[in-house]
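Undergrad: Turn this into a structure:
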Amino acid sequence: MAIPGARPAEPGELTRAEDRLSFLYLERCKIHRESNAVTANGDNGVVHIPAAALGVLLLGPGTTVGHHAMMLIAESGSTAV
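TA: Numbers count the residues shown, from 1 in each chain. Next up, the predicted model:
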C-alpha cells in the first residue's frame, strides 16, 4: 500500500544532527503527517514541523499521534518520547 505524500528523504538529504532542533515538547494536541512535515493540531490552530530538523519529539499528556506521523519521525532519524 502506497503512503500518501512526498517520498521519504534519503540519508544524504537529512539535516545534520548539529543543525537540528534539540527537542520539541507538545501536549494536548493531535499529531499527524502532511507531506514531509509533522502537523500539530491544537487550540492555537495547525503548526507544521519539519521532521528532518527535529532531534526529539516529547509527547505530553493529552497527545494523540497518528501512525503515519510516527513513521515519518522514524524515517527522518528523529526520536519520539
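
Undergrad: Buried residues in the helix or strand of the chain with the lowest mean pLDDT, which are they?
TA: None of the helices or strands of the chain scores lower by mean pLDDT, DSSP states H and E than strand 21-26, at a mean of 84. The neighbour-count check on strand 21-26 (16 or more other CB atoms under 10 Å) flags 24, 26 as buried. C-beta coordinates here come from the backbone N, C-alpha and C atoms, glycine included.

Undergrad: Which strands border that strand, and is each parallel or antiparallel?
TA: strand 54-59 (parallel) (DSSP bridges).

Undergrad: List the buried residues for the partner strand?
TA: For strand 54-59, by 16+ other CB under 10 Å, it's 54, 55, 57, 59.

Undergrad: Partner strands of the next helix-or-strand element following that strand, with direction?
TA: As assigned by DSSP states H and E, the chain's next helix or strand after strand 54-59 is strand 64-65. Strand 64-65 pairs in its sheet with strand 30-34 (parallel), by DSSP bridges.

Undergrad: mind listing what's buried in the strand it pairs with?
TA: Quick answer for strand 30-34 (16+ other CB under 10 Å): 30, 31, 32, 33.

Undergrad: tell me the pLDDT at the last one?
TA: The one in question is residue 33. pLDDT for residue 33: 94.

Undergrad: Roughly how far does it sit from residue 79?
TA: Going from residue 33 to residue 79 by CB to CB, to the nearest Å gives 16 Å.

Undergrad: Let me see the backbone angles for residue 42.
TA: Main-chain torsions, residue 42, degrees, to the nearest 10: phi -140, psi -160.

Undergrad: What residues does it make contact with?
TA: Contacts for residue 42 (CB atoms under 8 Å, 6 or more residues apart in numbering) come out as 26, 28, 29, 30.

Undergrad: What residues are bridge-paired with it?
TA: Residue 42 forms beta bridges with residue 45, as assigned by DSSP bridges.

Undergrad: What's the separation between it and residue 4?
TA: Going from residue 42 to residue 4 by CB to CB gives 23 Å.
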